[in-house]
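Q: My questions are about this predicted structure, shown below with the sequence.
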Amino acid sequence: MTCSPPRRRPPETAPALGRGEPRRQIRALGVVTQRVIWAQNPNPMTIKTAVVIVGLEPERANLAPFPGLTVEKLKAGINAAGDALRALGFETGSCLIPPEVEAAEAMVEAYLAKHRADVVVIGAGVRTAPEQLLLFERLINLVHRHAPNARICFNTQPGDTVQAVQRWVQG
């Protein structure tokens, strides 16, 4: 069970962060006001789109519907998808979850509480397996609740993750 934090390009090629901190409410003498804090950045459009890849732990995924796919190939494909997205300018993170609904839901909820998610990719192992229907429904509702502005997309295998993301945003 692992969720990895978002990864960015190495510092020498990564652009400066854009407008940083969100609005904060300040309570002064019983009056709530809002203050906006902005990071110093000449180009506020350099904030990267954050992509989160959610999928079953490769060792516990049912690979039978995917002929020729092995645990090693699945791991390599997930890593390659993240690398390809980063090369296109996206910030990426992954959350590889167990098939047990409650544990998986807790992991994704914790990840979304700590990290921004502009796009959430839900892997085919969760989406296409009939035995994972409840998990799939719970994940969709969880993403909707904790990342309401995130685009949700689906891949059919790790090799088409980039295309799934690009259907909704450009890097």
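A: Structure's in. What do you need? Residues are numbered from 1 along each chain as shown.
Q: Check which element follows the helix or strand of the chain with the lowest mean pLDDT along the chain.
A: Lowest mean confidence among the helices and strands of the chain (mean pLDDT, DSSP states H and E): strand 31-35, at a mean of 36. Downstream of strand 31-35, the next assigned helix or strand under DSSP states H and E is strand 50-56.
Q: Now that next one: average pLDDT?
A: Throughout strand 50-56, pLDDT has a mean value of 97.
Q: same check, this time on stretch 139-158
A: For stretch 139-158, the per-residue pLDDT averages 96.
Q: and the top helix by length along the chain, how far out from the chain's middle?
A: Secondary structure assigned by DSSP state H gives helix 71-87 as the longest helix of the chain. Distance of helix 71-87 from the chain centroid (Cα atoms, centre = their mean, to the nearest Å) equals 14 Å.
Q: swap in stretch 136-146?
A: Chain-centre distance of stretch 136-146: 13 Å, with Cα atoms, centre = their mean.
Q: Start the count at 536 instead of 1 going forward.
A: I'll keep to 536 as the first residue from here, and by that count the last item is stretch 671-681.
Q: who touches that stretch?
A: Stretch 671-681 has contacts (Cβ atoms under 8 Å, 6 or more residues apart in numbering) with 589, 636, 639-640, 643-644, 647-648, 652, 655, 657, 661-662, 685, 687. C-beta: built from backbone N, CA, C; applies to glycine.
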